[in-house]
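Participant: Quick one, fold the following:
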Amino acid sequence: MNNSEELWDKRYSDNPLLNPPSEFLEVFEQYLPTHGTCIDIAGGNGRNALWFAKKGYSTSVIDISSVALNQAAKSAQSQNVELECIHWDIEKHLLPPERKWDIALLTLFLNRGILQTANEYLAPQGVLLFAQPTEKNLERHQHPSERFLLGSSEIFEISESLSSMEILHVDEGWRESGRHEAWLVCKKMI
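Facilitator: You can find the predicted model right below:
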């Protein structure tokens, strides 16, 4: 077990509460395919993955914390939905290379490599949903710290650099959650 895994295991052990799904999902549901596979990247204890599973998607949640994944599995069982839990260190390996998904969700976890390699793990016409706080968030909140925040307008630079992706939506601003977040929705063109 590495330090990051221990940190997240402790965080989920100390606070097992399942938060409601991201407001982001309701806003962008219109861009999602009506069925298919979904991966919630660094999805913790499954708050967003469960939303997809309840909508009928074949859903996976991938995270470094086995504690979080156990909580996700229990929640799925109690809510009568299927959820594949994948224990994986995204910082070391990005995503499993043999897998492709119709939908990939990345929220509140900054990994630029995951964004830049979207066309490798998305199926044809696959949709990537990304939401991450920006540096402006520090005006109202201490966390996440600066190293976990996107720079001002960085989301626009990222969206322009993505190869083989059609940008469906990109913006940044203050959200109902109270956070200043960058939002990106894009679709694999090939």
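
Participant: going forward, measure contacts between C-alpha atoms and count neighbours the same way
Facilitator: Fine.

Participant: and the end-to-end length of stretch 169-185?
Facilitator: Using Cα to Cα, to the nearest Å, the end-to-end distance of stretch 169-185 comes to 5 Å.

Participant: quick one: average confidence on it?
Facilitator: Average pLDDT, stretch 169-185: 95.

Participant: got it, and stretch 43-50?
Facilitator: Stretch 43-50 shows an average pLDDT of 96 in the prediction.

Participant: Can I get stretch 52-66 in PDB, CA atoms only?
Facilitator: Below are the C-alpha coordinates for stretch 52-66, written out as PDB (Å, rounded to 0.1, in the frame of the first residue of the first chain):
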ATOM      1  CA  PHE A  52     -25.100   6.300 -13.700                       C
ATOM      2  CA  ALA A  53     -25.900   2.800 -12.500                       C
ATOM      3  CA  LYS A  54     -29.500   3.800 -11.500                       C
ATOM      4  CA  LYS A  55     -29.900   5.300 -15.100                       C
ATOM      5  CA  GLY A  56     -29.200   1.800 -16.500                       C
ATOM      6  CA  TYR A  57     -25.600   2.200 -17.600                       C
ATOM      7  CA  SER A  58     -23.100  -0.600 -17.100                       C
ATOM      8  CA  THR A  59     -21.000   1.300 -14.600                       C
ATOM      9  CA  SER A  60     -17.500   1.000 -13.200                       C
ATOM     10  CA  VAL A  61     -15.900   3.000 -10.500                       C
ATOM     11  CA  ILE A  62     -12.100   3.100 -10.400                       C
ATOM     12  CA  ASP A  63     -10.200   4.400  -7.300                       C
ATOM     13  CA  ILE A  64      -7.000   3.900  -5.300                       C
ATOM     14  CA  SER A  65      -8.900   3.400  -2.000                       C
ATOM     15  CA  SER A  66     -10.200  -0.100  -1.300                       C
END
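
Participant: Mind listing residues that contact it?
Facilitator: 4-6, 8-9, 35-44, 46, 49-50, 69, 81-90 (Cα atoms under 8 Å, 6 or more residues apart in numbering).

Participant: ok, now with 7 Å
Facilitator: Applying Cα atoms under 7 Å, 6 or more residues apart in numbering, the contact partners of stretch 52-66 are 5, 8-9, 35-44, 46, 49, 69, 81-89.

Participant: All the strands of the protein, residue numbers only.
Facilitator: All strands of the chain, identified by DSSP state E, fall at 37-41, 58-63, 84-87, 101-107, 122-133, 165-174, 180-188.
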